[in-house]
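Asks: predicted model follows, preceded by the sequence.
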Amino acid sequence: MTDLLRHNANLIDGEWVPADSGKTLDVINPADGSVIGRVPNAGAAETRRAIEAAATAFTSFKQTLAAERADMLFALYDAIRANIDELAHILTAEQGKPIAEARGELALSAGYIRWFAEEARRIYGDIVPSPFKNRKLLVTREPVGVCAAITPWNFPSSMLSRKVGPALAAGCTVVIKPASQTPYSGLVWGALAEMAGFPKGVVNVVTGSAREIGGELTANPHVRKVTFTGSTEVGKMLIAQSATTVKKVSMELGGNAPFIVFDDADLDKAVDAAMIAKYRNAGQTCVCTNRFLVQDGIHDAFVEKLTERSRALKVGPGTGEGIDQGPLIDMDAVEKIEGLIADATDNGAKILAGGKRHALGGTFFEPTVLSGATTKMKIASEEIFGPVSAVYRFAGEDEAIRIANDTPYGLACYFFSRDLGRAFRVADALEYGLVGVNEGFFTTEVAPFGGVKESGLGSEGGRQGIEEYLVTKYISLGGLGG
Ligand code: NAP
């Protein structure tokens, strides 16, 4: 047990507390099925207290100077960096990703916090030229209030950094509800916020029943903002629940990313990028490629190289030396991809690599390549969330764009082409919030990340990220005529 893991408790109003019932949830290491710890199984009552603490803390925290908040965020950045190894080990223990990926995620978390520490001092307003005599029209930006942050298990640290960072920079207070499978990476935000000197009640963390905690967070009128990352299904429910008290919402939801390879692509670069865009986090990212659309002329060469590289991936526990792919999060994930592969092969797809559970057992799965995929298969419309590459063939540019856009999702997409005209045409035509052109990875704190259509609302990161935590106030200042 590490130091930061000592927090087998929730942080409410500056106190580390158990669930009222004393009940706990087991936290499982997906690499070996062992129980690594137990966290509180809290519900609505504890959440209500956390919200009240955040509401009380907001009255003073919103008055802090931007420079004071920036300094606390820089201290939070330092605390993450100083503990990065321990944090990465906690993350790998409960989530399964290779330790190098966990370190990368923590570095990204630190990056978001530093970015928003800088942004805290740039929350400008406007003075509007007045159409009235003897009046000044002032537009100011204020923190929205208490924010509820609900996050998934696949990026249990960085998904919080891009919510908590801008919320605190804006002067908001937060109640965090991390995923039940990865609660420690959420609870550590409480510990880190304490280290950084944030006043009590500014950051609260509650673990336990999603339905009860989510119900209270969305119904309680003190909460003015719900920021969620997770499935489209749960996101829609949270939007509906938040409507009763008209909360501001941001939603980072599911995807169905196409990765288009045109005949004029640089083949090796496309394959390098495909490996990242598909197999990072064992395929369990919202921006992971779901559909490889490959043009006739380059199809066979691309498939051959992708197959060779997929077979060469080293699968094993995330803490192992040189591991490329860890276990899947749980057995449901394994069964889901088995079902998608069976449906695809029943309908004519061919397995060129992998296709089954890995010899290591548990939730390890072989990196898999399927050729001959078609849009009629379930794998074309469902989020795979696993290490399965499904390759489709297409003939022309218009066809590729039509297939790529034929989904209710609109998060990430990728395409490879060396034709400048095509690069602009296709980037314009793709109905997605994130477009990688000749790139398989684009996440950075300095650019806005977010989806369109049923992939979400709002942006995280970039200069846009803080807007989600601000409201606009217009002050009409009259009587200036003397
Ligand atoms: P999920 O089932 O939607 O869960 C996400 C979070 O919502 C968890 O904390 C979960 O709590 C909570 N939750 C579940 N039911 C709830 C309810 N009724 N009320 C309130 N909260 C509730 O998603 P997941 O399986 O963890 O994550 C995978 C999904 O996230 C994928 O669809 C992926 O594409 C998406 N994702 C999107 C982005 C993005 O930036 N767009 C990034 C990462 C992931 P429990 O854990 O306690 O159930």
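Replies: That came in fine, so what should we check first?

Asks: tell me the SS of residue 55?
Replies: When classified by DSSP: H, G, I helix; E, B strand; the rest coil, residue 55 comes out as helix.

Asks: what do you get for the one 4 residues further on?
Replies: Here residue 59 is helix, with the state taken from three-state DSSP.

Asks: from the ligand, how far out is it?
Replies: 27 Å (C-beta to the nearest ligand atom, to the nearest Å). Glycine gets a C-beta too; all of them are placed from N, C-alpha and C.

Asks: for residue 223, same thing?
Replies: 12 Å.

Asks: can you give me the neighbour number for that residue?
Replies: Close neighbours of residue 223, defined as other C-beta atoms under 10 Å, add up to 25.

Asks: list the contacts of it.
Replies: 51, 145, 146, 147, 148, 175, 217, 245, 247 (C-beta atoms under 8 Å, 6 or more residues apart in numbering).

Asks: hmm, try it at 7 Å
Replies: 51, 146, 148, 217, 247 (C-beta atoms under 7 Å, 6 or more residues apart in numbering).

Asks: give me phi/psi at it?
Replies: phi -80, psi 120 (degrees, to the nearest 10).

Asks: and the next element down the chain from the lengthiest helix in the chain?
Replies: Criterion DSSP state H: the longest helix present in the chain is helix 99-119. Past helix 99-119, further along toward the C-terminus, the next helix or strand under DSSP states H and E is strand 126-128.

Asks: so which residues make contact with that next one?
Replies: Contacts for strand 126-128 (C-beta under 7 Å, 6+ apart): 136, 137, 138, 139.

Asks: now the strands for the stretch 1-150 of the chain?
Replies: Along the stretch 1-150 of the chain, the stretches classed as strands by DSSP state E, counting those that start in this stretch are 10-12, 15-17, 24-28, 35-40, 126-128, 136-143, 146-150.

Asks: who in this protein is up against the ligand?
Replies: 150-155, 159, 177, 179-181, 210-211, 214, 229-231, 234, 237, 252-255, 286, 383, 411, 451, 456 (C-beta under 6 Å from any ligand atom).

Asks: between the contacts of residue 223, which is nearest the ligand?
Replies: residue 217 (7.3 Å; C-beta to the nearest ligand atom).

Asks: please look at residue 207 and residue 38 and confirm they touch.
Replies: No. The pair residue 207 and residue 38 fails to qualify as a contact (C-beta atoms under 7 Å) at a distance of 10.1 Å.

Asks: out of these two, which sits in the more crowded spot?
Replies: For the pair residue 207 and residue 38, the greater number of neighbours falls to residue 207 (28 against 14), based on other C-beta under 10 Å.

Asks: and the more buried one, its phi and psi?
Replies: phi -110, psi 150.

Asks: and it, how close does it get to residue 177?
Replies: Taking C-beta to C-beta, to the nearest Å as the measure, residue 207 falls 7 Å from residue 177.

Asks: show me the contacts for the spatially most central residue of the chain.
Replies: Nearest to the geometric centre of the chain sits residue 159, at 4.2 Å (C-alpha atoms, centre = their mean). Residue 159 is in contact with 151, 152, 229, counting by C-beta under 7 Å, 6+ apart.

Asks: still on that earlier bit, so which of the residues of the chain next to the ligand belong to helices?
Replies: 159, 210, 211, 214, 234, 237.

Asks: from the strands of the stretch 1-150 of the chain, which stretch is densest packed?
Replies: strand 146-150 (a mean of 29; mean count of other C-beta atoms under 10 Å).
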